[in-house]
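Attaching a predicted model along with its sequence, questions to come.
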Amino acid sequence: MPALPTAPRTTREEVGATLRLAGPLVLSNLAATAITTTDVLMLGRLGPEPLAASALAVNLYNLLLFTGVGFSVAISPMIASALGRRKGAARDSRRSFRMGLWLVTFYAIAATILLSFAEGIFRAFGQDPALSVMAGQFMDIVRWALWPTLLAFVMRNLLTAFDRAWIPLGIALGGVVLNIFLNYALIFGHFGLPALGLEGSAFATLITNIFMLAAQALAVAFLPRLRMMHLFGHWWRSDWARFKELARLGIPIGLTWSFEVGVFSAAVYLMGLIDTISVAAHVIALQIAALMFMVPLGLSQAATVRVGYGHGAADPRWIARAGKAAIGLAAAFAAASALVMWIFPRELALQFLDSTKPESAAVLATAVQFLMIAAVFQLADGMQVIGVAILRGLHDTRVPMLFAALGYWGIGIGTGAWLAFKTPLAGRGIWIGLAVGLAAVAVLMLWRWSRREALGLVPPQSSTQTGVPTAVTA
């Protein structure tokens, strides 16, 4: 079994530990986003209509996908806490992993059935009928990628909790290469394959995600230090007590993710009520912002594990240092990425367009406007994802879920819709609303983190902790 974690002696030591864990996670996130970026880059060469149609489909798909990913995330703090406690870590980890597979499977069955009605959903949302048909055809293929993707996320969270994040990184990089090849071959008809256009991108996504699941399953089954734990042993055996515990922790996480992803999905549909140019420009700006967001997201995933170690060890100083390190690192990167987006919006947006096509000029101009606003909310976005992650490490998920609902929907989408349709701002108003909502969630999450001891979120100091003395130095 992998070595159990030990408490940091200083904040600097915690920063180093966080960076070592976060590094492969950040690169894995960037690789995963590179897969979707490849889709956008290649579909953008087909024109605004296929790009907009894929945006409608992908945003509905991602809404359901990331809700399920939230369920899978629950195993990360549970396994981290088990490792922090040390006693019975292997048995508890195996139980959490097995029931995590069950939880996302039940969810995937329901979500895949719902996605089979995608075209009707798009029409009900008032989207262009022609785009709805194209998006429905895309979804008929890509929806089958949901279950393998969620199973792969359960395995990724397990490997992360055991400090084996380099394995998902290697697999994600392989997925990027495979997806580029398949997109190039299936969208445009190279290497003797038919030119399938938009549907070719859907097939590329499906095949790539099945490959990544198979690779991670082999790693979990045969990695020497994990093989002895028999993680797939008796996978059919129910453990309803652990299933309920995972659901209690995972459902609020899933809903929190769905509130956030849902806001960006709703923004796409609101853009669709404006015009196709706004949808295409929004997809480009959002893809760039998503690439920048992968670093704070990776830091947040590491922070959940590091705080979870401290929570399991009942060590308040470890918890405080883990949170402080994550907040500082995320703030520094968010500020830097905001500066890049502010200075080079046109150059960034041009990477997603064929400048020789006449319709690209309007999309570019609109995307640049959106990116100028996106630069402003980078800091808020980084702080909110860190805030919810460090609270998750304390197994605090219900109140953060309510904060997310209020901030993203009550404040964010409400403000954005009003500015878009009651003022001349149009699509820019939607982006301003997104920025305001993210800032509200960030403030609420960090306020709750600052009150963690008063609220009883931190366990009493353990006399044994992790077997390593924790120095008083901050």
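Right, received. Where do you want to start?

Quick one: low-confidence residue ranges for the stretch 201-350 of the chain.
For the stretch 201-350 of the chain, applying pLDDT under 70 flags no range at all.

and with 90 instead?
Applying pLDDT under 90 to the stretch 201-350 of the chain flags the ranges 201-202, 205, 219-295, 297-298, 301, 305, 308-315, 334, 337-338, 341-350.

show me where it has helices.
Here the stretch 201-350 of the chain has its helices, by DSSP state H, counting those that start in this stretch, at 224-227, 240-272, 276-312, 316-343, 345-350.

Kindly compare burial across those helices and name the winner.
With neighbours taken as mean count of other CB atoms under 10 Å, the helices of the stretch 201-350 of the chain reach their highest mean count in helix 276-312, at a mean of 26. (Each C-beta comes from the backbone N, C-alpha and C, glycine too.)

Can you give the distance of that one from its chain's centre?
6 Å (CA atoms, centre = their mean, to the nearest Å).

ok, back up a step: which among the helices of the stretch 201-350 of the chain is found nearest to Pro358?
Closest approach to Pro358 among the helices of the stretch 201-350 of the chain (CB to CB): helix 276-312, 12.1 Å.

Helix 240-272 and the closest one, what's the angle between them?
Counting by axes from the mean of the first three to the mean of the last three CA atoms, to 10 degrees, helix 276-312 lies at 150 degrees to helix 240-272.

the inter-axis angle of helix 276-312 versus helix 316-343?
Angle, helix 276-312 to helix 316-343, by the same axes, to 10 degrees: 160 degrees.

Can we start the residue count at 328 from this point?
I'll keep to 328 as the first residue from here, and by that count the last item is helix 603-639.

returning to what we had before: with distance to Ala358 added, can I get the helices of the stretch 528-677 of the chain in a markdown table?
What follows is these, written out as a markdown table (distance: least, CB to CB, whole Å):
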| stretch | distance to Ala358 |
| --- | --- |
| helix 551-554 | 22 |
| helix 567-599 | 19 |
| helix 603-639 | 9 |
| helix 643-670 | 17 |
| helix 672-677 | 19 |
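
List just the one of those that sits closest to Thr742.
Judging those by CB to CB, what sits closest to Thr742 is helix 567-599, at 11.0 Å.

For the closest one, which helices and strands make contact with it?
Other elements packing on helix 567-599 under the criterion 3 or more CB pairs under 8 Å, 6 or more residues apart in numbering; DSSP states H and E are helix 375-400, helix 402-412, helix 416-442, helix 603-639, helix 725-731, helix 741-749, helix 754-777.

Tell me which of those sits nearest to Val342.
Between Val342 and the helices and strands packed on helix 567-599, the shortest separation by CB to CB is 10.3 Å, and it involves helix 603-639.

okay, the helices and strands packed on helix 567-599 in a markdown table with distance to Arg575 next?
Formatted as a markdown table, the helices and strands packed on helix 567-599 follow (distance: least, CB to CB, whole Å):
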| stretch | distance to Arg575 |
| --- | --- |
| helix 375-400 | 11 |
| helix 402-412 | 11 |
| helix 416-442 | 11 |
| helix 603-639 | 16 |
| helix 725-731 | 9 |
| helix 741-749 | 30 |
| helix 754-777 | 19 |
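
Which among those is found nearest to Met466?
helix 375-400 (4.6 Å).

quick one: buried residues of the closest one?
Across helix 375-400, burial judged by 16 or more other CB atoms under 10 Å covers 375-400.

and it, how far out from the chain's middle?
In terms of CA atoms, centre = their mean, the centre of helix 375-400 is set 11 Å apart from its chain centre.

Ok, stretch 518-529 next?
Computed by CA atoms, centre = their mean, the chain-centroid distance of stretch 518-529 equals 27 Å.

And that stretch, end to end?
In stretch 518-529, first residue to last residue: 18 Å (CA to CA, to the nearest Å).

which parts of it are buried?
Neighbour counts over stretch 518-529 (16+ other CB under 10 Å) mark 523-529 as buried.

Same list (those) but as a markdown table, adding distance to Gly760 and secondary structure.
Converted to a markdown table, these look like this (distance: CB to CB, whole Å; DSSP: H, G, I helix; E, B strand; the rest coil):
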| residue | distance to Gly760 | secondary structure |
| --- | --- | --- |
| Leu523 | 37 | coil |
| Gly524 | 34 | coil |
| Leu525 | 30 | helix |
| Glu526 | 33 | helix |
| Gly527 | 35 | helix |
| Ser528 | 30 | helix |
| Ala529 | 30 | helix |
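
which among the residues you listed gets closest to Ala689?
Looking across the buried residues of stretch 518-529 and measuring by CB to CB, the closest to Ala689 is Leu525, at 21.2 Å.

one step back: which of the helices and strands packed on helix 567-599 has the lowest mean pLDDT?
When the helices and strands packed on helix 567-599 are compared by mean pLDDT, helix 402-412 comes last with a mean of 75.

count of residues packed around Ile738?
Using other CB atoms under 10 Å, Ile738 has 17 other residues around it.

swap in Trp745?
Neighbour count for Trp745, taken as other CB under 10 Å: 13.
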